[in-house]
Each structure stands twice: as C-alpha cells, then as structure tokens.
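Undergrad: I'll drop the sequence and a predicted model, then ask my questions.
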Amino acid sequence: MTPMSNKSILTTELEILIPFHDVDSMGITWHGNYLRYFEMARCQLLDMFGYGYREMLASGYSWPIVDLQIKYVQPSTFDQRVKVIASLVEWENRMKINYQVRDLATTNRLTKGYTIQAAVDSNNELCFVTPTVFRQKLAHLIPSLEINSTEIDCAETDNTETESIKTKNNERSGR
C-alpha cells in the first residue's frame, strides 16, 4: 500500500508479462486487453483497503463503471514486461482511478487512462455521495477524513427524500 502525495490518495503497481494470447497477428497487444489490465490493477487497489468487489456487494452497493478513457501512447508486444499503475484520485462523490501502463525496463509510458465508478444501492438508485462504508474503509488512509455518522447513505433514504431532491433539482433547472 503506497499513499501518494499530489492528487493520489492510494496507488498500487502490478507487473504483467504480455502473454501470447493478448497479441494480434503483428505481435502487438490488442487494444481491448488494456481494459483487462486496468481491471486487474483496480481489483488489487480496492483489495488494499478492504473494499474489493465481494465487500462492495456485501455492503449493499455496486460500483459500475460510468465513464472510461484510454489513450494508447506506444504499443506493447508479446513477452514484454509492463507495470500497470492504478491510483485512486477521487472518492467523495464517485470513485475515479487513473492508470498508466509502463514498460518495466525503460519506464516509458505505453498507455494511460482512467475509470469513473459511481455507487448504486440495492434499489438501483445512484448515490450522489460516497456511501459511509466506503468512507470508513478509507478513513485510516486519510487522516483529515471525518466520518459524519449523521450522513444519510442513498440506501437509507426513502422515496420521499429522493423525490424531494429531484423536485428541487427540476425547479432549479426550470423543468
């Protein structure tokens, strides 16, 4: 576990040897495999603070990816050793993780990107604030993080509160 300065809250590194089944007929890593590499690093990152996918589901939330971006800088090839770096950079209202894939020998950046995940409760309601359980998991990594026990998670709100929020937002937008 490596707490990072700057924008990163937490980062992890994962080494991968590009396997033959990940490359195309030219020996270049097929572009879709980078998303799998991101996923592997993301799982390792989440496991570091005890909120992997099994813990997410057990806590009553799913965290689907709602946005992703990837930029291919240089190709990776069969039998190349790469390092995948995943860094948690946002957590208050959504979970944003930045990624880099670097050549292990030269440290040249090969690919970069990010994923954004949003909490969804067991009623399939989008949470506009990160659930308390997630904040509690991060609390030991962020000394300044205060857990407000009076905060209401989206799973704890009833339809009246949700409708009230929607009505206020519609009034502001003129609908």
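TA: On my side now, so go ahead.

Undergrad: can you map out the helices along this protein?
TA: For the chain, helices defined by DSSP state H occupy the ranges 33-48, 53-58, 132-138, 159-173.

Undergrad: Ranked by average pLDDT, which of those helices falls at the bottom?
TA: Lowest mean pLDDT of the helices of the chain: helix 159-173, a mean of 45.

Undergrad: What is the neighbour count of residue 44?
TA: Residue 44 has 15 neighbouring residues, counting by other Cβ atoms under 10 Å. Bear in mind the C-beta positions are built from the backbone N, C-alpha and C, glycine included.

Undergrad: Test my guess that it contacts residue 15.
TA: No - contact between residue 44 and residue 15 fails when scored by Cβ atoms under 8 Å: they sit 11.0 Å apart.

Undergrad: Pull up the overlap in contacts between the two.
TA: Both residue 44 and residue 15 lack any common contact, where contact means Cβ atoms under 8 Å, 6 or more residues apart in numbering.

Undergrad: Surely residue 110 is in contact with residue 75?
TA: Yes - contact criterion Cβ under 8 Å: residue 110 and residue 75 qualify, at 7.1 Å.

Undergrad: Identify the bridge partners of the residue positioned nearest the centre of the chain.
TA: The centre of the chain sits closest to residue 97, judged by Cα atoms, centre = their mean, with a distance of 4.2 Å. Beta-bridge pairing of residue 97 under DSSP bridges involves residue 88, residue 115.
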